[in-house]
Structure formats: structure tokens, C-alpha cells
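[1] The sequence isn't on hand, but the structure is:
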């Protein structure tokens, strides 16, 4: 029966279309002048340019990391274009009516209508297309609540003090090779600020789309939740089906002040390449949150796309009683490679963290969990619980678990468990005996395996994520 | 004829288990298949339902006019064949409810019926639960996940009630049950006897047949039906055991 | 590259003996090695800076061996004693049971040469830097051969005592023939400012059974780096227990390679560290063929300023279907100046397998603790009692009673000396 399982996981990528949009795209290549041009395009103040240049100079001295369980040819950073924006975005459209309809159609096709009346009630969207933000919805409503939700390029102009205060504080410029690169060349992304004591009235969401050929996407997201505030944020991402690999190197920083809570969810569906491993996005992302006293940061991710995923959304549990959570589903098929996990850095007393990771490997793919749990000397009474489960589909794939546990505090407790299983012939037979075709059966079993993580997603998106797995698993069973 | 099996041979891992089995079942009939361990009772259910590794070597099985062996496992199920497993497998994380909803609708779709709405399905599922005395909470739990042996058996019957099959094969649905649980299972089965639906009740003991009265009883030994009769044959077996079948069956029993 | 390693490569050139052809290959590999730093994954938590100011020098010493240092009551074993790397036992004077032959590495019999041909550098993976050092420099050691079908009851114990500021290297090569049975104990101790590498390679034939112990009880200023490496033949069985104390620098690598199907390996290890001790254990289980089974349990207690490193890797190769492999690691940290770094790893390339690992630090049974507190036992005492219990469990699993009776009070005393802070 494993043959039927194999077939059931053969893939189809629904978001692989190309939008016919005229774009201004930089020639490929990277040097200081490119960074100056990006900064000029964004009309940035001098301090921002200096910040970028400093990052760039650091990056030049750094080495590309090679410790992850992934294998890819060396990236030629001079063959990438670092900026691309639809021509129509040159004169900032004042309202949705002025936005190029082709852009709106793109998002509609992806199931993200940008007209507020058509949208999911209660979700505000920032739509980022290549290097620029196309539109941010429901801004007026959010402003009423004092919430700032806008492209980061705009925040640099309008709220320079806030950006200056927090940018690079959670993920320093020199944190790692790709973070340094991002700090030098980031083009757009979202900025969120939730004032003290405010519960953000809507789900916030950013949808990233790479469209142009040979461009990299380097977005930067910064979320600041002031004391006692709450926000739930979701990002989604897709890209056209192309034979060339494209680089996506994002940085996300979360700042959760005392008693605040940030819930950050990702549904990642970048183009994964074809079944022979041709094309697809290299997704090298640095995401980290800083939790102050009693704050809570919760990462939930559903990773089904990208040729290579290199991503470790992390929590620095600095304040006493702060809480970090990481819920992850990573599905790899074809020739996809994923090395993903989290870091929970326990610094404060009675800090708590939970890690639930579900890896599903099929085809010739490789799927690794890599995590770090560190109990610092002052993390009295801290606790961590980690559960890593791998599901293997077929005997040509790999499933790996690399958990690092470092403890320096005698009262801290760390528990880690990892298991491996497969879709058993017995399970498949039972489902089929009840009339389900093998595709449906496998998708149902896989969804069941992921349930613990899906229930952490905001309701509107849990359904979408389940469907995404289903689409991903849909195949060509005759 | 609902099911017509002619000269069925089947082997597992190169060992012949069924050695020329013949069986005809008309709509509405209940056939009990008894026999010592190792006689091939469970194999029959697996071969008919199409489990991997249980292919027929030769012989035919017509199911409502279609050649059963031409169909995939799920196609046989969609055509109305239901197997209640002796040891149902667990599927963690997939709730009984969503599992059954998918299943019911896959079968309805095949029949050309519209899928059941969520509320209609829930209503039916609740009724079915009640019939086999399973708390409603079981609908939300993972398929067979952490169920006791008896709960798994009742869950199988619950599914049978929901799926409304044409032919039900009950594979040792009585094993490991106490008398009360046995009665619950039997009541569930009896409630589905409507004069059209047929049953193959596979059991080692006569006990279940006190509650589910068969029209015919067949003794399966060494891969063949060696004796057929009415319900009284089961009583006879209870008294005499299978020893009378001879040394060959004894060996199979060991 | 460190000066020390450059010297090793220099010195290796002057080692001329019957193993030279093989040593030459190892030297070629060694010459291409990087000196490990913080970014070398296998040495992430263990610094080699003690090599910058090494007190130990190559050479020999003349010391009197006090056999009480390693005497074990009730244990009747065939002892092979190395002192600062040199063999002090006259093998000719030992009366060996039938089927057992032992030969000094520098005076090999023809049979020993053939065993070495099969085992030397053939079982130990090439990646161990200090293993390569041992390959090129270890001129003292023993070759042990257990003939096909022989059942050797008497344990063979290789004692490795380090006392002085001497750098030494010794090697143990063991071959168990088809259906052979034996017990081998590697027993190391000493607190001198020595530098010693001790590597052992074991080849288990069809249905061979090996009971194995490695006691790495070096302490204080000793630097001890070594490994025990096993190649499992078809249907062979290994029951191994490793006990480590930690010293200025203690590092052990254990590899269990399932080369034949249906082999079974049980590997228990205990580490108990105090003061400024450092202990690093890396184990790698390679399931290269189907139907193998491995059970590994590692339990450690760390007090004072000590630092423990555990890295347990299970690697299931493609096609190694029906493998059962489990690793469980539990740790207790008693002091806020101590450190535990653990990394259980799974690397799996076959789907029909059952693999799991678990690791905990300082997980205590709240109910049991509450019960003890309610009976008036102090919290720290209750913790000691509860937590020594889990080390005790592994001691009890050791098949040899004399070793159990020797180790149990020894470890208990050591544990009770550690203060719960």
C-alpha cells in the first residue's frame, strides 16, 4: 500500500502563477551603492541608511552558516536583484481605487481579497508584493484603537522614534549571516505597535508575495506590544513556479512588554520547487521575540512550502514568569529540505516554555527539527516541555531530531521527548475499508497527526491550514 | 444473489490458507462461519475486503453482480461491503466524528446521494452511539485512540450502523467481551437486520449466536467449508468442540 | 592546528612497527584534521584549552603499582595492567581458559596479527581526532581473541592507571568469534596530571555475546580521552555499561555499529561529577542493516562546578527497516554553578522503524517528593534519595554481582559528598 501513499503525496502547487505587472527592478548585484539606492527609493532618513551600511559591512566579514541539515549550491549574492516594485506603486496610491487592478487580482486569486467589505471580518491585511507594500486594510479602524499597523517603510518616516528604539534590539544586525544581510537590504514588511493596555480589535495579517524573477525578498517585521496589550498576527507567503531558486531572507522581531501577549502565526507556502528539486524558494529566516515580565509569546507555524527552510522562531524569556510557546507543522515532499525548530532562552525566574513540533517527510525530502532549550543560572523554577514527533511517508525520505538542552540551574526542569512513526498499512486499510480513497485517508491521518498544532492557529486560519495540507497532499491517484 | 464465492483459493506469505471455498449468500441472510483457530476465518474477511497481502490465488467472488476482486479496497466499501475488525487500529488525532463523516459521505457520493449536512450527520451519529451504548464523548475522541477492547468493538458496530452497508462481515466481534457488552453488540447488529442486509458472522464460539440467530452455520476447517447446517449445528459444535473434524484441524488449532 | 597536534604528527613519523602500514593511513588522515574549536560540533561544549598548557610529556616512568587501587572484592578476573600507558603484566604468566588468547600489541602472535588485521582501525570510525592520534602513537596495548564457540567465564579486565605527568596511548583490540561469549572490563583510574588516550575496538561475530564495562574513573588533573567501539555481527548481543567521573578533561566516544541483522545492543551509562570535573560522552548508534535493536540509557548527576556533556545519536540508514532503537537520558543538576548539556539526536532514513528518545533535566517525581517531605525528610535529603535512585537502577542492571557490589557504595559515597544547593 505504500505505493498508494507515495502517490497520494505527489504534489500540486496552486499559487504558482505569475502576475503580469510592470516592475522597476534593480539590476542584479550587491554593493554599498545598491543599499544607498534602496534607502533612497524608500526616502529614508540618514540614520536608517547608516544602520543599513553598518550591517552590510558586518555581513561582508561573516561566513554563510553550514551547520544546518540542508544541502544546496552556494548562493551567488551578486546574481540577485535586491529591489523590485510594480511601476504602478511609484506614486503611492492614496486608496485602493488607485491600486493597479492586476495587483488586486493577484491577491484575489490567492484568496486574499483586499476590499474591506469582501474580507474576513476581523482581519486586517498588509499585502507585500516583491519589495513594496501594496495596501494595508482597516487602518482607520485600527487607528481608533491606537494600534499602528503599517508598512515598515512608512513607519520609518512616520514613527522614527519607535522604530529607532526597537529595530535590531531583539535580532542584532550581526546575529547571523542572513540577519546581517537582511539588515542591510530589507525592503518592506510590517510594523505593528499596540499601545499600553490595548487588546488589538482585529487579527493582523501580512501576505507576502514574490513575483519578479531573480529577485530576493528581504522583509522586516517589527511588532511591539506595550504593557498589558494583546495582538494576534498572521503571515502568509506564496511565489510563482519558476525554475530558478529565489532567496527569501526575512527578519521578524517581537517585543512583548510586561503582561503583554503576542501570538504570531505563519502559514508558509512558498514555491517548493518541482519533484526533481528544480526551482523553489530558499527560505532563510530569523524570527525572535523578547518577553518581559509575565509576557507571553506564542509562535505557530505551518511550513509546507520552500525548497529549503532554515528557520528557528525563538523566545528570549527575559522577564520573570514569562511564557514562550512554539507549535510547528513542517511538511516536506519531493526534494524539499527543512531544518526548523526553535530556541527557548530561559533567563527569568519561573519562565515556562512549550515546544510541540510535528515533522512530516515524504518523497525524497529531508525534515529536521533543531531546537535549543537553555536554562540560565537565574532561571529558578523554570520549566520546559518539548515533544517532537516525526511521521515518515515512504522509505526515501529522512526525519531528524537535533535538540540541544543546556541547563545551568538546579531548580529548572526540562523534559524532551521525540518519536517516529509512519502511516501504517493497518490505518490505511481501515480508512479504505470504510470507503475513503487513499489520498483522503493519508491526508486525514496526517491532519490528525498535526491536530495539536492546528488548534493553536487563529480560527480563521486553522481551516485554511488544514486545507493547505490537503491541497499539498492531493495527487494523481488514478 | 448478494455474494457468491466459487472455489476460492488464497495464500499468505506463500502458505495456502483458503483451499477451495464456496459460499452463496442471499439478501437478508445471516451466515455464521465457525471453526478452529487457524482455519482461515479472518483470512476470508481480509480477502473479501481486499487487504494487502490477502489476494486470491484463484476462484471468484461476485458481489451484487460485480467481480469483487476487480475493485479496490475503498470501492468494495463504497459498494456496500463492511468489515468489522477483530483488532481495530488506532488513528491518533483523527476524531471518530470526522472520520465517519468523511466515510459516510464518500459512500453516499458513490451512491449518487448528496453529502449529509453537519447537523444531519451529527444527529445520526448520536443515535448510532446510543444504540451501542457509547457515550457521545467518543465521537470527539481519536479513532479507537485509548479505547478499551470492548469500546473498540462497539465502535465498529457504531460505524456499521452509520454506513448502512449491504453486507457486513463481523470478524470475531465477540472476542474479549463480557456478557453485557456482547448483548450490546448483538443488539446493534440485530437492529440492522432488515430482510435485505446480509451478514457473515465469524466466530470461534457459539455464544454470540445465542444473541444473533443465524440462518446458516458453516464450519470452516483447513481452508474449506466442511459442514453446513442451520443454527443447530452451532449448538452441536458447542457440545463436541472441533475435535470431530479430525487430526488436521487439531493441528491447525494448535 | 595546535602545537601539540603538530608534535604528535612529528612523533608519529618515528613509530616503526608491524602496524606501520595501517598507522601510515591514519597519519595521512590525521594530517588533514582541524584542531577542534567551539564551532566544531563534536566539541561544542568541551574546550581543548588544557592542551595549551599540557603538563604531561611523552616518556615513561617507573612507578610501583599498588594493586589495591583497583582491587574489586569478589571479582575474579584476568587482569592486564597498564600504568601510564605501559603494560605491566606478564601475559605469559597468566593461565588462560580454553578459547581465550591474549597477546601484547608489541609482541603479537600470528593469530593476534590476524585479529589486528581485522579489527585495528576497522571498527572505530575515522572521525575521532584522538582516535587517529591513538592509531599513530599507541604502541602498547593488548589483542584479545575469543575463539568460535568458546565461552569464557572469567572476565578479562584491562586496567589503565595514570599517575604521573606522562602522555600515554594504549589500545585494546578484541575479536569474538562465532557464538563466542566473553566479559571485558576496561577499568581506568588515576588523578595525576597525565594525558592518556585509550581506545578499544570490538568485533562481535555471528551470535557472539559480549558483556562489557568501561569504568572511566579518572579524576582531578587527569586528561583522559578514549572510546569503545563495537561492530555487531548478525544476531550478536552486547550488554555494555559505562561509568564516568570526569576530570580536568574526560571525553569518551562510544560507537555501536549494527553490521549484521538481528543484533541486540544494550548500553547503559552513568556519569557522576563533582568539583571542577568535566565529562563528555558522545555515543553513536549506527543501524546500517534491518532488524536491529538498541536500548540506550544515560543518567547523570552533576554537582559543584562540574560540567557534563552528553550527545546520543541514533542513525537509521536507508533500508534499515524494522529497527527498534530507543535512547533515554536523565540528568540531575545539583548546583547553580554546574552545567548540563545534552543532545539526543535522531537521524532516520527508513520509515518502518520504531525510534524514540527522551531527555530530561531535573525532573522529579512531585508526588514522591511530597510523600517524603510529609514524613519529615528535608527537601535536600529527599532529593538526594530520590535522585540517587535512578542511578541505582542502572547499577542494578549490571549482570556482574561483584561489580555491582563494588560500584554501588562507591557511587553512593561520591553522590552524598555532593551538596544540593
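    Happy to help now that I have it. Worth saying up front: this structure is predicted, and the values here are computed from it rather than measured.

[2] what about residue A:319, which SS state?
    In terms of secondary structure, residue A:319 is coil; the call rests on DSSP: H, G, I helix; E, B strand; the rest coil.

[3] Next, find the distance separating it from residue A:292.
    Distance check for residue A:319 against residue A:292: by C-beta to C-beta, to the nearest Å, it reads 4 Å. Any C-beta I mention is one placed from the backbone N, CA and C, and that applies to glycine too.

[4] shared neighbours, the two?
    Common neighbours of residue A:319 and residue A:292 are listed as residue A:258 (criterion: C-beta atoms under 8 Å, 6 or more residues apart in numbering or on different chains).

[5] who does residue A:286 bridge with?
    Applying DSSP bridges to residue A:286 gives these bridge partners: residue A:251.

[6] That one contacts residue A:248, doesn't it?
    No - in this structure residue A:286 lies outside contact range of residue A:248 using C-beta atoms under 8 Å: 11.7 Å.

[7] quick one: common contacting residues for the two?
    Overlap between the neighbourhoods of residue A:286 and residue A:248 is empty, taking contacts as C-beta under 8 Å, 6+ apart.

[8] Quick one: the helices in the chain, in order.
    By default, I'm working from chain A. Counting by DSSP state H, the segments of chain A that form helices are A:2-8, A:32-41, A:46-60, A:101-109, A:139-144, A:152-158, A:160-166, A:177-185, A:425-433, A:438-454, A:459-473.

[9] Hmm, no, I was thinking of chain C.
    Taking DSSP H as the criterion, chain C carries its helices at C:3-12, C:20-31, C:110-119, C:129-137, C:366-374, C:379-396, C:401-416.

[10] from the middle of its chain, how far away would the fourth one be?
    Between the centre of helix C:129-137 and the centre of its chain there are 16 Å (C-alpha atoms, centre = their mean, to the nearest Å).

[11] packing partners for it?
    helix C:3-12, helix C:20-31, strand C:166-176, strand C:195-204, strand C:223-232 (3 or more C-beta pairs under 8 Å, 6 or more residues apart in numbering or on different chains; DSSP states H and E).

[12] among the ones you listed, which is nearest chain B?
    Nearest to chain B among the helices and strands packed on helix C:129-137 is strand C:223-232 (27.6 Å), distances taken as C-beta to the nearest C-beta.

[13] what's the angle from the closest one to strand C:195-204?
    In terms of direction (axes from the mean of the first three to the mean of the last three C-alpha atoms, to 10 degrees), strand C:223-232 departs from strand C:195-204 by 10 degrees.

[14] of the helices of chain A, which approaches chain C most closely?
    Of all these, helix A:2-8 sits nearest to chain C, with 7.9 Å by C-beta to the nearest C-beta.

[15] Of the helices of chain A, flag the one that's most buried.
    Across the helices of chain A, the average number of neighbours (mean count of other C-beta atoms under 10 Å in any protein chain shown) peaks for helix A:177-185, which reaches a mean of 26.

[16] Get me the contact residues on the stretch 201-350 of chain C for chain A.
    Those residues of the stretch 201-350 of chain C that sit near chain A, judged by C-beta under 8 Å from any C-beta of the partner chain, are C:318-319, C:321, C:331, C:333-350.

[17] among the residues you listed, which ones are buried?
    A residue is treated as buried here by neighbour count (16 or more other C-beta atoms under 10 Å in any protein chain shown); on that basis the buried members of these are C:331, C:333-350.

[18] residues contacting whichever residue of the stretch 301-450 of chain A sits closest to chain B?
    For the stretch 301-450 of chain A and chain B, the shortest gap (C-beta to the nearest C-beta) falls at residue A:448, measuring 3.0 Å. With contacts defined as C-beta under 8 Å, 6+ apart, residue A:448 is in contact with B:91, B:92, B:93, B:94, B:95, B:142, B:143.

[19] give me the low-pLDDT residue ranges for chain C?
    Low-confidence regions of chain C, defined by pLDDT under 70, span residues C:1, C:363-374, C:376-382, C:384-385, C:418-421.

[20] Please repeat the previous calculation with a cut-off of 50.
    Counting by pLDDT under 50, chain C has no low-confidence residues at all.

[21] for chain A, what are the nearby residues on the stretch 151-254 of chain B?
    Proximity of the stretch 151-254 of chain B to chain A (C-beta under 8 Å from any C-beta) is limited to residues B:159, B:163.

[22] Quick check, residue A:317 in contact with residue A:343.
    No - under the criterion of C-beta under 8 Å, residue A:317 is not in contact with residue A:343, lying 10.4 Å apart.

[23] between those two, which one's more packed in?
    Higher neighbour count among residue A:317 and residue A:343: residue A:317, with 34 against 20, using other C-beta atoms under 10 Å in any protein chain shown.

[24] now the strands for the stretch 1-150 of chain C?
    With DSSP state E, counting those that start in this stretch as the definition, the stretch 1-150 of chain C shows strands at residue ranges C:57-58, C:78-83, C:86-87, C:100-104, C:140-146.

[25] Need the contact partners of the fourth one.
    Strand C:100-104 is contacted by residues C:78, C:80, C:87, C:91, C:94, C:96, C:109, C:111-112, C:140-147, C:150, C:152, C:156, C:182 when judged by C-beta under 8 Å, 6+ apart.

[26] now swap in the second one and tell me
    Strand C:78-83 is contacted from outside by C:61, C:63, C:65, C:67, C:70, C:87-89, C:91, C:94, C:96, C:100, C:102, C:140, C:142, C:154-163, C:168, C:170, using C-beta under 8 Å, 6+ apart.

[27] Relative to chain B, how far out is residue A:126?
    33 Å (C-beta to the nearest C-beta, to the nearest Å).
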